[in-house]
Structure formats: structure tokens, C-alpha cells
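Trainee: coords please:
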Amino acid sequence: MTKTFIKMHGLGNDFAIFDGRPEKLHLTPEKIRALADRRTGIGFDQMVIIDPALTPETDAFLRIYNADGGEISACGNATRCIAKLLIAELKKPEVILQTKAAKLKARMAGDRVIVDMDKVHLEWREIPLSRKEKTTFLPIFEEGFSEPVAVNVGNPHAVFFVEDVANVPLETFGPKIERHILFPERTNVEVAQVLSPSKIRMRVWERGVGITQACGTGACAVAVAGVRRGLTERKVTIILDGGTLEIEWRESDGHVLMTGDAVEVYRGEAAV
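Mentor: Model (predicted):
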């Protein structure tokens with residue numbers, strides 16, 4: 001059986017998007033891993049299936065899978081991409097996309113997409129951590145980098161503030177932190193360099209994927225972590241390997257707003 005898909009990316013963080021609304025689509029982790037292979041499959045960081053809305057006020061439900069076949073609760077860059085598709089398809093100024101983590105509102109701002117990523121979670125049980133710890137300074141000390149900030153943006157993140165992100169061996173450091181004993185569900189790992197109160201350079205290791213060009217929820221986590229440490233303002237530009245995101249942690253309601261690009265690459269068919 002073949003299914004049509006759309007290949008999109010947000011700052012180089014790339015996705016294969018399948019429409020599960022006409023007919024339910026179920027893929028095994030093995031099949032997802034095969035499709036994710038960049039030599040013999042489509043190649044992607046995440047795969048997303050657009051399912052019918054579960055409630056009248058939402059426009060679709062998103063099932064999101066990492067390249068390793070594991071299902072996850074949130075993906076900021078993928079949400080922007082699908083929001084752009086559905087705003088055009090449904091001819092609506094705003095869409096509400098439901099994930100396992102939250103209901104997310106999205107709208108266009110010129111060629112870019114603004115997504116309200118809802119409230120972040122900051123308590124140790126919400127991350128989740130394996131034991132009670134102060135989430136602004138986790139007791140983790142690895143390879144000269146220490147005490148990250150833990151933030152949950154629909155998925156767990158550990159944010160390390162460093163002097164120079166270019167000098168962090170993320171290919172070896174990332175997997176160690178991802179599977180650290182403090183994170184029972186594993187974690188995404190960000191290294192962040194504060195350039196000014198309104199600008200941060202970051203790199204990311206995504207759990208179940210590896211080093212990626214960008215991570216939307218990771219950028220949100222870094223912005224929140226900067227405010228919690230007293231290092232940055234509530235509205236910042238995040239510079240990633242694949243481009244920039246504008247992030248605002250709104251003081252009035254605690255919601256995080258993410259603004260960035262969403263680009264369609266091509267459409268095709270895949271054997272599923």
C-alpha cells in the first residue's frame with residue numbers, strides 16, 4: 001500500500017507528514033524507522049500523522065513520532081508546518097491543533113507562523129524527574145558542563161548554559177544526558193550561549209533523533225530557562241543551526257509564543 005506524504009521543514013528540522021483523516025493510518029516503530037532512513041527511506045527527524053479532530057473546537061489531532069519510531073507528545077517546528085498547511089486548506093485565519101500535550105493555537109504572520117505553545121511545566125514531577133530536585137539547577141555534572149535547567153514544553157528538556165556552544169561535543173554529550181538517571185522518559189538536551197539579554201545561540205540533541213538543525217520546543221525551553229536564571233528578557237531571538245526563532249514567554253498568562261518559518265520541500269508517495 002502507498003500513501004501520499006508532504007515533506008516539510010522548520011529551520012532544517014524536517015518532517016514527513018501523512019494525512020490520516022480520510023483513512024486511519026497505523027505504522028509500526030519498525031516501519032517508521034525504515035521510512036526515516038535517509039538513504040533507503042524518505043529521511044526525516046520526525047513523522048507526523050494528521051488525524052481527525054477529537055473535539056469541535058479543534059481542527060486536527062497530531063500523532064508525532066521520532067525517527068527511532070517512538071511516539072512523542074509535542075514538536076514545535078512540526079506544529080508550525082502543519083498549521084501552515086491547514087490554514088491554507090481550511091481557509092481560516094487561525095487553527096487549533098491538538099497534540100498529546102496540549103491544544104495549540106496557530107496563525108500566520110506574513111510568511112511565518114506564530115504558535116501559542118501553551119504553558120510550560122516547571123515542577124520536578126512535571127518534567128518528569130526520577131526524584132525531587134530544584135529544576136533551575138539540576139545536580140548533573142558531565143564533561144565540564146553542569147547544573148542544567150529542566151523545562152517541559154510538552155516534552156522534557158535539559159538546558160545547559162555554556163560559554164561557547166561550538167566547543168560542546170554534542171554528539172557524545174547529548175546521548176549521555178538524554179539517558180541520565182534523572183530522566184525516566186529520557187530528555188532533549190540543549191546547550192545555550194547567551195549573546196545578549198535578547199539573543200541566545202543554541203544547539204540541540206533531540207531524544208530519539210540525535211543532533212538536529214533546530215528544535216521548536218527546545219528553543220522555547222531555552223527562552224524559559226534564560227528567564228528563570230535571570231539571564232535574558234522574556235522576548236528573545238534564538239539562533240539555531242538552521243535559522244532563527246522568535247520566542248516570547250508571556251508574563252500575563254505564562255504561555256510561550258513561537259514564531260518561525262515553515263517550508264514545504266516536496267510531495268510524494270511512500271510504501272507503508
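Trainee: Now do the contacts for Gln98.
Mentor: Counting by Cβ atoms under 8 Å, 6 or more residues apart in numbering, Gln98 touches Ala53, Leu54, Thr55, Thr58, Ala60, Phe61, Leu62, Leu104. For glycine as for every other residue, the C-beta is placed from the backbone atoms N, C-alpha and C.
Trainee: surely the last one meets Lys119?
Mentor: No - between Leu104 and Lys119 no contact is recorded; they are 11.3 Å apart, counting by Cβ atoms under 8 Å.
Trainee: Compare neighbour counts for the two and give me the winner.
Mentor: It is Leu104, of Leu104 and Lys119, that has more neighbours when counted by other Cβ atoms under 10 Å, with 24 against 15.
Trainee: Can you tell me the SS state at that one?
Mentor: Recorded secondary structure, Leu104: strand (DSSP: H, G, I helix; E, B strand; the rest coil).
Trainee: how far away is it from Asn155?
Mentor: Per Cβ to Cβ, to the nearest Å, Leu104 is found 13 Å from Asn155.
Trainee: Could you export the longest helix seen in the chain as PDB, CA atoms only?
Mentor: In the chain, assigned by DSSP state H, the helix with the most residues is helix 76-90. Provided in PDB are the C-alpha atoms of helix 76-90 (Å, rounded to 0.1, in the frame of the first residue of the first chain):
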ATOM      1  CA  GLY A  76       7.100  22.900  17.800                       C
ATOM      2  CA  ASN A  77       8.600  23.000  14.300                       C
ATOM      3  CA  ALA A  78       6.200  20.300  13.100                       C
ATOM      4  CA  THR A  79       3.200  22.200  14.600                       C
ATOM      5  CA  ARG A  80       4.200  25.300  12.600                       C
ATOM      6  CA  CYS A  81       4.400  23.300   9.400                       C
ATOM      7  CA  ILE A  82       1.100  21.600   9.800                       C
ATOM      8  CA  ALA A  83      -0.500  24.900  10.900                       C
ATOM      9  CA  LYS A  84       0.600  26.500   7.700                       C
ATOM     10  CA  LEU A  85      -0.900  23.600   5.600                       C
ATOM     11  CA  LEU A  86      -4.200  23.600   7.400                       C
ATOM     12  CA  ILE A  87      -4.600  27.400   7.500                       C
ATOM     13  CA  ALA A  88      -4.300  27.300   3.700                       C
ATOM     14  CA  GLU A  89      -6.500  24.200   3.300                       C
ATOM     15  CA  LEU A  90      -9.300  25.300   5.600                       C
END
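Trainee: before we move on, what SS does the spatially closest residue to Glu246 that is not a sequence neighbour have?
Mentor: Using Cβ to Cβ, 6 or more residues apart in numbering and skipping residues adjacent in sequence, the residue nearest Glu246 is Thr259, 4.2 Å away. State at Thr259, reduced to three classes by three-state DSSP: strand.
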